[in-house]
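Colleague: this one's sequence-less:
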């Protein structure tokens, strides 16, 4: 019996039975027999019991050039349809930043959309399932009601790979809740200059911290089995997603921090600073790698054969697929698209396997087809690309489980995930200043106070709190999704008898006519992404500086900075009692209040050097000229033994005090003996 079919004898008997009622010739009967045998043909690639390499060889041997090139094509959902999938054999679809089926779409709407595209792919001759990708870079951040975790710079401040792995697990579930199987994360850039608009996507200026944080891949994709072959992608099952290490390589080291610019560096610098996180990602089984827009010593990475094919694929033995960035192939030329046919040739021959087109897919398909027919691109290069794509799809189990369902729908914005994000916020906060002397700390703040002023542009703005890549590509202002603002978190933390007054930008008269116990000022940067975020001055959003000066001149204040990187704060440090770097904490602002009011201690350490002046940039730990405002790794802790400490749930500090007492007792015994 052929697996998945009725016995051949039954099939033929059925055909004979049907003939009794029709006038069918014997030649046609023979034809029916051949059709039946063809239907019953065993297709090795459809057999999950076969080794993946055998399935790949079997399938690619059946594919036409058009089917192969279709697999190498990724298009935006806005131009996709079931018919397009079927006609062009498209291998992948993505949602770009802010690209959603409808505003505030539910998991059911997402799943239905993805399945509609998938059914188009499955209806093709060979039924190769598509892989759907999305930028879930701090949670499933395109999707309304998803849990948005702190951006990577904040996670780098935690120095907690176990936490990052748990965030990967939660993110995978929230992505699967929408029927999507692939995320363009993590960004493992090593940001060497905060003027870069993508610095918040980097865990740290130190590659060792970034290497630790690649444990998020184990959360997204699953723990790799013992003795797993290095470089081979691994995705554990339906509750996991394929990950993408990006942007290969050197994107965090561009000249003057200009996005998509040129990274000028020698081989030693490249291999010792920017490449190490890729070593770790590949060992951890990352499924895909995305190429950087940037250039390396004048050579566009999207056209860099030596580094994409020569180093990543050949030397590091990466066996997953390499994907371009959005319109990345177009940008091989300057201006972009000036010679698209050449760009396709250069990108594919460099080693790019899947091209994020994302709109004009017919131009890409036609040009690539023509280049193969002319021998400019060898069919062996096409076969290598398709094998890599199929390897990921087989590894993920897409052939066995191509269609999504609503079994993960309840994972979106799940309470446990929000608690995890709240924990991440707590651990990401870095205390930069606390009082004007070691024995006069200002934090933690008392929950029982007569009246508290909360001020600043970022105190009651969830969009500002989340930053870029949040619902929209550039982020937005206001109540963009479900979450807790820092203002609401403060209100829910203090005693019922404490009055909390909010004024976004109070003037001198307001301050003079009100008597506050203390103030919390929350200011920082507006949301941004990529090149829009490039900045030469790194100043906070107006009227942030005026708010600090006005409020902190009238009452003792703690200032919380919401930013995607170190920004100019030196002029304001003498004006404030306490200063906290909260980065871009995401939807769970309660984590900020947890630490400000002493329920938990400060544990975060600076993932980036905090400069005094932008004139010092770039400046990184280890430089000969290193004179920062706060050095890499800096982060104060609250001295819980001093009067005024109000921690009620600070288990970490209680453990430290107990341990200290035990050590003192042991030391006394040693001295006595």
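Modeller: Yes, it's here. Keep in mind the model is a prediction, meaning the values are calculated, not measured.
Colleague: contacts and neighbour counts: CA atoms only from here.
Modeller: Noted.
Colleague: What number of residues are in the vicinity of residue 437?
Modeller: Residue 437: 10 surrounding residues under other CA atoms under 10 Å.
Colleague: what's the spacing between it and residue 280?
Modeller: Note on residue 437: its distance to residue 280, by CA to CA, to the nearest Å, is 42 Å.
Colleague: Low-confidence stretches in the stretch 101-250 of the chain?
Modeller: Within the stretch 101-250 of the chain, no stretch has pLDDT under 70.
Colleague: List the residues that contact the most centrally placed residue in the chain.
Modeller: Note on the chain: the residue nearest the mean C-alpha position is residue 137, at 2.0 Å, using CA atoms, centre = their mean. Neighbour list for residue 137: 151, 183-187, 469 [criterion: CA atoms under 8 Å, 6 or more residues apart in numbering].
Colleague: Could you work out the most separated pair of those residues?
Modeller: 151 and 183 (15.1 Å; CA to CA).
Colleague: From residue 350, how far out is residue 596?
Modeller: 51 Å.
Colleague: ok, the two, which is more surrounded?
Modeller: Shown here are residue 596 and residue 350; by other CA under 10 Å, residue 596 has more neighbours (28 against 20).
Colleague: Tell me, what's the model's pLDDT at that one?
Modeller: pLDDT for residue 596: 98.
Colleague: residues touching it, list them.
Modeller: Contact analysis of residue 596 by CA under 8 Å, 6+ apart lists 443-445.
Colleague: all helices for the stretch 101-250 of the chain, in order.
Modeller: For the stretch 101-250 of the chain, the helices defined by DSSP state H, counting those that start in this stretch cover 107-122, 152-158, 161-176, 207-213, 216-221.
Colleague: Only whichever of the contacts of residue 596 are buried, select them in PyMOL.
Modeller: Filtering these down to the buried ones (16 or more other CA atoms under 10 Å) takes a single PyMOL command:
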select buried, resi 443+444+445
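Colleague: can I get the contacts of residue 596 in JSON lines with secondary structure, distance to residue 48 and pLDDT?
Modeller: Shown next, in JSON lines, are those (DSSP: H, G, I helix; E, B strand; the rest coil; distance: CA to CA, whole Å; pLDDT from 0 to 100):
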{"residue": "443", "secondary structure": "coil", "distance to residue 48": "59", "pLDDT": "98"}
{"residue": "444", "secondary structure": "coil", "distance to residue 48": "57", "pLDDT": "98"}
{"residue": "445", "secondary structure": "coil", "distance to residue 48": "59", "pLDDT": "98"}
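Colleague: Kindly present the contacts of residue 596 as JSON lines, with separate columns for distance to residue 46.
Modeller: JSON lines is the format used below for the contacts of residue 596 (distance: CA to CA, whole Å):
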{"residue": "443", "distance to residue 46": "62"}
{"residue": "444", "distance to residue 46": "61"}
{"residue": "445", "distance to residue 46": "62"}
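Colleague: coming back round to it: who wins for most neighbours among the contacts of residue 137?
Modeller: Neighbour max across these (other CA under 10 Å) = residue 186, 29 neighbours.
Colleague: give me every residue that touches the closest residue to it other than its chain neighbours.
Modeller: Nearest residue to residue 186, sequence neighbours excluded (CA to CA, 6 or more residues apart in numbering): residue 245, at 5.4 Å. Shown in contact with residue 245 (CA under 8 Å, 6+ apart): 184-188, 278, 281, 286, 288-290.
Colleague: try residue 404
Modeller: Counting by CA under 8 Å, 6+ apart, residue 404 touches 111, 114-115, 179-180.
Colleague: now, the most widely separated pair of the residues you listed?
Modeller: The widest separation within the contacts of residue 404 (CA to CA) is 9.6 Å, between 115 and 180.
Colleague: ok, those two, which is more surrounded?
Modeller: Neighbour count, other CA under 10 Å: between residue 115 and residue 180, residue 180 has more, with 26 against 20.
Colleague: That one touches residue 135, doesn't it?
Modeller: No - the criterion here is CA atoms under 8 Å, and residue 180 misses it with residue 135 at 10.7 Å.
Colleague: for the stretch 301-450 of the chain, which spans come out with low pLDDT?
Modeller: Within the stretch 301-450 of the chain, no range satisfies pLDDT under 70.
Colleague: Let me know the secondary structure of residue 582.
Modeller: Following DSSP: H, G, I helix; E, B strand; the rest coil, we place residue 582 in the strand state.
Colleague: what's near enough to touch it?
Modeller: 154, 425, 428-430, 560-563, 592.
Colleague: Residue 224: which of the residues you listed is nearest?
Modeller: residue 154 (26.3 Å).
Colleague: how is the chain carved up into domains?
Modeller: 67-82+93-411, 429-652 (the TED database).
Colleague: how near is residue 410 to residue 362?
Modeller: For residue 410 relative to residue 362 (CA to CA), the value is 38 Å.
Colleague: next one: residue 109
Modeller: Per CA to CA, residue 109 is found 28 Å from residue 362.
Colleague: Residue 496 now?
Modeller: 63 Å.
Colleague: Ok, residue 597 next?
Modeller: The value you get for residue 597 to residue 362, if CA to CA is used, is 58 Å.
Colleague: Compare the two (neighbour count), which wins?
Modeller: residue 597 (21 against 12).
Colleague: next one: phi and psi at the more buried one?
Modeller: Main-chain torsions, residue 597, degrees, to the nearest 10: phi -100, psi 10.
Colleague: you'd agree it is up against residue 447?
Modeller: Yes - counting by CA under 8 Å, residue 447 is a contact partner of residue 597 at 6.4 Å.
Colleague: Nearest spatial neighbour of residue 212, chain-adjacent residues omitted?
Modeller: residue 161 (5.8 Å).
Colleague: same question, residue 618
Modeller: Residue 618 sits nearest to residue 193 (CA to CA, 6+ apart), 5.2 Å away.
Colleague: do the same with residue 94
Modeller: The shortest distance from residue 94 to any residue other than its chain neighbours is 4.5 Å, reached at residue 133 (CA to CA, 6+ apart).
Colleague: which residues touch the one you found?
Modeller: 92-95, 180-184.
Colleague: Could you do residue 181 as well?
Modeller: By CA under 8 Å, 6+ apart, the residues touching residue 181 are 131-133, 175, 240-242.
Colleague: Looking at those, which are in strands?
Modeller: Secondary structure from DSSP state E places 131-133 of these in strands.
Colleague: Appreciated, that's everything.
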